[in-house]
Every structure is written in C-alpha cells, then in structure tokens.
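Colleague: sequence and predicted model, in that order:
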Number of protein chains: 2
Amino acid sequence: MKIPVGISNRHIHLNNDDYKLLFGNIPLTKRNDLTQPGMYACNETVTIKGEKRSIENVRVLGPIRNYTQVEVSKTDAYTLGVNPPVRNSGDLDGAYSITIIGPYGTIKRDACIIATRHIHVDKSIREEHHLEGIEKVSVIIGGEKGGTINNVYLKDSEEAYFELHLDTDDANGFLLKQNDEVEVLLDK
Amino acid sequence: MKIPVGISNRHIHLNNDDYKLLFGNIPLTKRNDLTQPGMYACNETVTIKGEKRSIENVRVLGPIRNYTQVEVSKTDAYTLGVNPPVRNSGDLDGAYSITIIGPYGTIKRDACIIATRHIHVDKSIREEHHLEGIEKVSVIIGGEKGGTINNVYLKDSEEAYFELHLDTDDANGFLLKQNDEVEVLLDK
C-alpha cells in the first residue's frame, strides 16, 4: 500500500518546566499546523550545543509534552559532536546529553536522540489496512537512489495522519521530498 | 559477498586549467592517500558557492583530471541552493552551475553533481567475483537503520580497491562508518 512521506528536520519537544527555564513566562505560539492532528510548529526556536559545535534555529514543536526531547539526524550529530541512540519518540533510555539555549535561560538534559523511522497510525488506520498487531514494517522507495528501508516502526496515537516520517539523512539519501509516495511492505 | 564501505564527503576534482585559475602556479600537494590506488586527498581546499549559501573547506582530490567536477550530497545541495543531477563520475551531462573560489581566483562551471552510489572494480575483481557484464547491483545494509540500496553502479578502473562508495547522506541515514561491511546482491 502507498503512503506519503513527511520529513522531520531537527526539532525539540519541551516539558513545561524546561519551557519556562528557556523562555520564561512568554507563552508558546503556533506558527503552523503539522500533518499529525493537534501537532504544530512554533515560532519559538532554541540553539542546541554539543561537545563540538552548536546548531541555531532549532524549532520547538507544540504542544508541550511531559518530556524534553531533541531529535537530530546523524549528520547533525557529527556537526554537534554528540552520539545519540536511535529511539522511538518518548523513549529517552540512553539519550545523549545536550545543552539547550533559549532566550531566557540555558539547560542541559539527557534528551538527544535520532528518531526511529516510523509510520503514524491509529486504531482505525490499523483496522482499515490490516495492520493489527504489527510492530514494524519495511518500506520500498523508488527513484534513481531508491531502495528499501527496514525497521520502520508503527507509532500509535489517538488520531493519526497515515504517513511515513523520516529524518533528513534518510530523505536526502533517497532524494525524497515532502509528500512523495512510498510503498509499505509488511515484514515476514 | 561482503565488501567494505568508503564514505565520500563533498569534494572537487579539477582539470589543469581550472586548477591554475584557482591556485595560480603553486603545485597541488598530497595530504593523504585514498583507498583507490593512485588517488589522494590534497592539502588544497576551495569554497563552493551556490544560489543561497557557500560551503568552505571543500577538499581537492588528486591527481588532476581532464574535467572539473564538484560532488556534493543532497543535504549540501539544499544548503548551497543548487539542484545537481545524480551522475556517474565524469558524466557532467546536465551538471549544475556552481561558483568555485580558490586562494588565487574564482571560476563558475557547470560541474556540480550528486555521485551515483558505486562500487569500485577492475578486471581481476570482476573475474574473481563473477561480475563480468554487470552494470549495477543492490547492496544490503544491516543495523538498526538498515535496508537495501538499489542502482549501485560498478565503476571500472585500471586497478581498483573493491569497495562501495556512498555519500554522507546515504552513510549517515544508514548509520554506516568507514570500513563497515555490506552485502552485495546481484540484481535480477
């Protein structure tokens, strides 16, 4: 079955305490909605700093979560000088230490991960596409630099938009653009 | 069959005339040998400039060739603001225009490509591994972000070191490091 691709540039999710430490009492402001229902990009950005270098203008995604998490690509990780593990969003086990600099304050958190390749699903999507009980799949990508990616996790939420999320390394390596179509292949 | 991976960061090959326009009469100097016999990285670097931004410290690879070619990743292409085609090295058909800045002068050339994924072979490697007459293969990559890449071209030279060359997008997307092993799969 074919689904569209959404490409995730480096970004940060913040819990309420960390948001206040970075931005003070100024409320988070929406810049634009994302494809996943209820999710949005904010006007607010931070600088992230690793052991080698910093990257500026890292966008805060809303709404506020109950954990602080910085998602980067491996290319970003080399730039920053950090060695984050590959993790599903929300799983910060072994997440790499990173400094986060906002307009109001600076914090250091074990919060940096490379996100697993994942497909957003919900109960009705799983039912409609016979994906019940499936943890991960492979995805076939066409084009001049095409191929197949494995270990693509199905990520459940209350209400989802059915799409594959890739980081910029995967997207650029395969020459994929936002909303390109790829083919889901169920793992044996 | 298993072969090692070599990762190509952005780099430039220069013909003699362009070398002199960029560097004057100072001769090219070797920094270190590369794995392919006779190929080396030079101490010399250039700045490359697209329609949006520049990237500094782009290494010159030696020896001098009979064409000038700038090889970048898709990530670099977005940074620079250029739209290079995917091409085998030496095929500059449709190569994107790019400005090249050296310590002595500046040139603008239709020279920018994204290199195809390729495996270096020579006659004896083709014979030993039963690769005669084969133009391209697929390669299986293991690991947490593993998968399979298609359209991997066999690139012949007089004397080759048998390895897969990938750009930094492919290598980082698949979490590959220099000399990691991958599995060659012959296309049907």
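Modeller: Sure thing, it's come through.
Colleague: only C-alpha atoms from now on, for both contacts and neighbour counts.
Modeller: OK.
Colleague: the helix or strand of chain A with the lowest mean pLDDT pairs with which strands?
Modeller: Within chain A, no helix or strand scores below strand A:181-186, which has a mean of 95 by mean pLDDT, DSSP states H and E. Pairing partners of strand A:181-186, with direction, according to DSSP bridges: strand A:2-8 (antiparallel), strand A:136-141 (antiparallel).
Colleague: what about residue A:19, neighbour count?
Modeller: Neighbourhood size, residue A:19 [other CA atoms under 10 Å in any protein chain shown]: 23.
Colleague: equivalent analysis for residue A:40, please.
Modeller: Neighbours of residue A:40 (other CA under 10 Å): 18.
Colleague: and the closest residue to it other than its chain neighbours, its phi and psi?
Modeller: Spatial nearest neighbour of residue A:40, excluding adjacent residues (CA to CA, 6 or more residues apart in numbering or on different chains): residue A:33 at 4.2 Å. Note on residue A:33: backbone dihedrals following degrees, to the nearest 10 are phi -70, psi 150.
Colleague: got a list of what residue A:33 touches?
Modeller: Going by CA atoms under 8 Å, 6 or more residues apart in numbering or on different chains, residue A:33 touches A:39-41.
Colleague: try 10 Å
Modeller: Counting by CA atoms under 10 Å, 6 or more residues apart in numbering or on different chains, residue A:33 touches A:39-42, A:61-62.
Colleague: what's the helix or strand for residue A:17?
Modeller: helix A:16-23 (DSSP states H and E).
Colleague: and residue A:111, helix, strand or coil?
Modeller: strand (DSSP: H, G, I helix; E, B strand; the rest coil).
Colleague: my guess is it contacts residue A:70, does it?
Modeller: Yes: at 5.7 Å, residue A:111 and residue A:70 qualify as touching, with contact defined as CA atoms under 10 Å.
Colleague: in terms of packing, which of these two has more residues around it?
Modeller: Neighbour totals were compared for residue A:111 and residue A:70, and residue A:70 leads with 28 against 25 (other CA under 10 Å).
Colleague: bridging residues for that one?
Modeller: residue A:12, residue A:112.
Colleague: touching, it and residue A:13? I think so.
Modeller: Yes: applying CA under 10 Å, one finds residue A:70 in contact with residue A:13, separated by 6.5 Å.
Colleague: show the pLDDT at residue A:67.
Modeller: Looking at residue A:67, its pLDDT stands at 98.
Colleague: which residue is the nearest non-sequential neighbour of it?
Modeller: residue A:15 (4.9 Å).
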